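Student: predicted model, plus sequence, below.
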There are 2 protein chains.
Amino acid sequence: MTTPFFVSEQRFDFATPLPLRGGAQLADYSLAVETYGTLNAARDNAVLICHALNASHHVAGVYQDDPDRLGWWDNMVGPGKPVDTDRFFVIGVNNLGSCFGSTGPTSINPKTGRPYGSDFPVVTVEDWVDAQALLADRLGIERFAAVMGGSLGGMQALAWSVRYPKRVAHCIVIASTARLSAQNIAFNDVARQAILSDPDYHEGHYAERGVVPKRGLRVARMVGHITYLSDDDMAAKFGRALRSESLQYGFGVDFEIESYLRYQGDKFSEYFDANTYLLITKALDYFDPARDFDGCLTRALAGVEARFLIISFSTDWRFAPARSREIVRSLLDLKRSVTYAEIDAPHGHDAFLLDDLRYHRAVRAYFRRVMTQGPK
Amino acid sequence: MTTPFFVSEQRFDFATPLPLRGGAQLADYSLAVETYGTLNAARDNAVLICHALNASHHVAGVYQDDPDRLGWWDNMVGPGKPVDTDRFFVIGVNNLGSCFGSTGPTSINPKTGRPYGSDFPVVTVEDWVDAQALLADRLGIERFAAVMGGSLGGMQALAWSVRYPKRVAHCIVIASTARLSAQNIAFNDVARQAILSDPDYHEGHYAERGVVPKRGLRVARMVGHITYLSDDDMAAKFGRALRSESLQYGFGVDFEIESYLRYQGDKFSEYFDANTYLLITKALDYFDPARDFDGCLTRALAGVEARFLIISFSTDWRFAPARSREIVRSLLDLKRSVTYAEIDAPHGHDAFLLDDLRYHRAVRAYFRRVMTQGPK
């Protein structure tokens, strides 16, 4: 491990209303941002990192006053790392609707003077990308050297390439998909129903009552967490190992896996906002660039100009390699430049966040191209 | 479809205490039972059908006063069906702890005069099998021509072959496993936590308060139901089809799969008992005949005498074919007679309940052997 570098959070306020895909608009809003490295004089070395469900703009490094809280992709982004901040100007931005700094359900609604709660409008991947584009304008970035993300972050990268084709030189989509399957949506809806049916949810205005729908959030996180891990990895890490020497014949903890999942659920319910969870799962469900093209992804991607790096992980059953291959196939049909790596990793969907030599080597090697190649 | 035949429920009371694996005992209890066909003079044509999570003793046919409620395995069991009740005397028995007629949490606890609720002891697959053996004694059946079940029912069949090797001529284990994986246990614990954290659960004594933890049961069923269906089947049946013409941009129903799952959850929460759900998921988690043999299934099965039919389904990811193959391998190591069929069916775990020509043909062909062959 290298010594973590210090970072600090910035805040960008926007006063021009942002029209949202769902029909509503946000009158004004703020984005929480972190940047790493230096924007060069040509302003062509900027890399945008898009985050997934429970992450934020805190991509890499640590805060001076909180030296233990490492950024969520610190193994990927930093000086000398695969996304090398000695060469690239890297931007992390917290998405609208989040609970980690950008305007979201926990922010004060200027109309009421109280937290938005469930009055915060439903936001989509495309809305996030539009807000990120306005941030890029503010930072004076005309075109990103790369837009990059894993899982839901990969969907944002893909949406960038469709929505702003001239502003993305390279698009890096990791452990992602062009659209959720029925099974993916089903798991998301279980999570939502757990939250919505928690009596402490109070129609989304729990904050005003000083409570949190923790039971629902806990169950939501437990079911989500199962889908992040591979069956094999769970078997290797936990198997049927018992927490104590014998079976309890009750409903407490018998197996290590129960203890682990409940711990993850408890921890999550302490820091994550329930309305944000609902919003983000909906953004996942709604994302489907092919929807307006009779489900044809190739037609949906016809206008993209970026070069692509697509990476999937063999044991990821949430967004399996077949989903990445679908994107690759459409790009090849369109004769776009695409590099595809399918990493044989045991860790399921979570692999995109973990140290894996081959995975990090593939990203590192690709970023050497990013330095020298423009878009197609 | 053939015309359904009429069946009626029987009740067998037992006054000798049943010692349970968890250390408790049931002082007295009843079993709800249905039988189809006729026990022959030699008393050697009896087939025991063991049920899975949400089923009962009502295996086949209909009741005269309820002609629409077809038994859960009516496509498998009946006159001229794969398990032919013109030749076999077939027994369906509701397990202890269930909410469909046998003694369980909704029964009156003789000690208190109130429903057992969560005071009903934790029961295991082995306890069920012991109670089934006492029922066989009562019916004058020394040895079953076959003990048969799918999913959790298959575990009971397997437990029969281990626990009462001389009383099972043929053991038929369908879409099952010799032990749950960490992932299986994880999904069960999500379901349990949804129920246990429902404020209407009241430590399991909700009946006395006139409420039901419906929200928890609903979420439990939703997550369970996802694991019964294959990803492909869900994609084919629901895909990303919308319930109405456009996206709702809210937390109501957008996709057909949401509507379907919520409906399944609602329906289930109307008729199933929450304490029973907790008990049955625990019985699933605990089942592991290899536990006392350092995890070695072959040693655990060393004493079995039955001949085996094992069937799995290619798209079952709850209890995948690899789990069935593990049982087959151990039986082959022990030089036992075993027939194995891996059916290439699209319907996931639920396939064991559905009409599938090749599957039903395999069972039908095997039952011809059951008529002529004794145990090894």
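Tutor: Yep, that arrived.
Student: ok, now which ones touch the residue nearest to residue A:103 when sequence neighbours are not counted?
Tutor: Leaving aside its chain neighbours, residue A:103 sits nearest to residue A:29 (3.9 Å; criterion: C-beta to C-beta, 6 or more residues apart in numbering or on different chains). Using the backbone N, CA and C atoms, a C-beta is placed for each residue, glycine as well. Counting by C-beta atoms under 8 Å, 6 or more residues apart in numbering or on different chains, residue A:29 touches A:13, A:14, A:18, A:96, A:102, A:103, A:131.
Student: ok, the residue nearest to the second one when sequence neighbours are not counted to residue A:13 distance?
Tutor: Spelled out, that is residue A:14. Nearest non-adjacent residue to residue A:14, counting by C-beta to C-beta, 6+ apart: residue A:29, 5.5 Å away. Note on residue A:29: its distance to residue A:13, by C-beta to C-beta, to the nearest Å, is 8 Å.
Student: likewise for residue A:143?
Tutor: Residue A:143 is 24 Å from residue A:13, by C-beta to C-beta.
Student: quick one, which of those two is more surrounded?
Tutor: Neighbour comparison, residue A:143 and residue A:13: the larger count goes to residue A:143, with 18 against 10 (by other C-beta atoms under 10 Å in any protein chain shown).
Student: direction included, what does the host helix or strand of residue A:310 pair up with?
Tutor: Per DSSP states H and E: residue A:310 is located in strand A:307-313. When pairs are called by DSSP bridges, strand A:307-313 turns out to pair with strand A:168-174 (parallel), strand A:338-343 (parallel).
Student: report the buried residues of whatever helix or strand comes next after it.
Tutor: Per DSSP H and E, the first helix or strand lying C-terminal to strand A:307-313 is helix A:321-333. For helix A:321-333, burial by neighbour count (16 or more other C-beta atoms under 10 Å in any protein chain shown) applies to A:321, A:323, A:324, A:326, A:327, A:328, A:330, A:331.
Student: for those, which one is nearest chain B?
Tutor: residue A:323 (10.9 Å; C-beta to the nearest C-beta).
Student: and the host helix or strand of residue A:220, what does it pack onto?
Tutor: Per DSSP H and E, residue A:220 falls inside helix A:214-228. Where contact means 3 or more C-beta pairs under 8 Å, 6 or more residues apart in numbering or on different chains; DSSP states H and E, helix A:214-228 is packed against helix A:182-196, helix A:256-271, helix A:274-286, helix B:182-196.
Student: who's in contact with whichever helix or strand comes after the shortest one?
Tutor: Think helix A:274-286. On the C-terminal side of helix A:274-286, the closest following helix or strand by DSSP H and E is helix A:297-300. Residues outside helix A:297-300 that contact it (C-beta under 8 Å, 6+ apart): A:162, A:178, A:289, A:290, A:292, A:293, A:326, A:327, A:329, A:330, A:333, A:334.
Student: next, count neighbours for residue A:339.
Tutor: By the criterion of other C-beta under 10 Å, residue A:339 has 16 neighbours.
Student: distance of it relative to residue A:77?
Tutor: Residue A:339 is 19 Å from residue A:77, by C-beta to C-beta.
Student: next: residue A:230.
Tutor: For residue A:230, the distance to residue A:77 - C-beta to C-beta - is 25 Å.
Student: and for residue A:167, the neighbour number?
Tutor: Neighbour tally, residue A:167, other C-beta under 10 Å: 21.
Student: point out where the stretch 51-200 of chain A drops to low pLDDT.
Tutor: Counting by pLDDT under 70, the stretch 51-200 of chain A shows no low-confidence range.
Student: residues from it in reach of chain B?
Tutor: A:121-122, A:179-183, A:185-187, A:189-190, A:192-194, A:196-199 (C-beta under 8 Å from any C-beta of the partner chain).
Student: returning to that earlier point: now the buried residues of helix A:321-333 in a markdown table, with distance to chain B and pLDDT?
Tutor: Shown next, in a markdown table, are the buried residues of helix A:321-333 (distance: C-beta to the nearest C-beta, whole Å; pLDDT from 0 to 100):
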| residue | distance to chain B | pLDDT |
| --- | --- | --- |
| A:321 | 13 | 98 |
| A:323 | 11 | 98 |
| A:324 | 16 | 98 |
| A:326 | 12 | 98 |
| A:327 | 16 | 98 |
| A:328 | 19 | 98 |
| A:330 | 17 | 98 |
| A:331 | 21 | 98 |
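Student: quick one: contacts for the nearest residue to residue A:134 once chain neighbours are set aside?
Tutor: Once flanking residues are discounted, residue A:134 sits nearest to residue A:14: 6.2 Å by C-beta to C-beta, 6+ apart. Going by C-beta under 8 Å, 6+ apart, residue A:14 touches A:28, A:29, A:30, A:31, A:131, A:134.
Student: same check, this time on residue A:23
Tutor: Contacts of residue A:23 by C-beta under 8 Å, 6+ apart are residue B:249.
Student: wait, is it part of a strand?
Tutor: No. Under the criterion used here (DSSP: H, G, I helix; E, B strand; the rest coil), residue A:23 is coil, not part of a strand.
Student: check the gap between it and residue B:250 for me.
Tutor: Taken as C-beta to C-beta, the span from residue A:23 to residue B:250 is 11 Å.
Student: no more questions from me, cheers.
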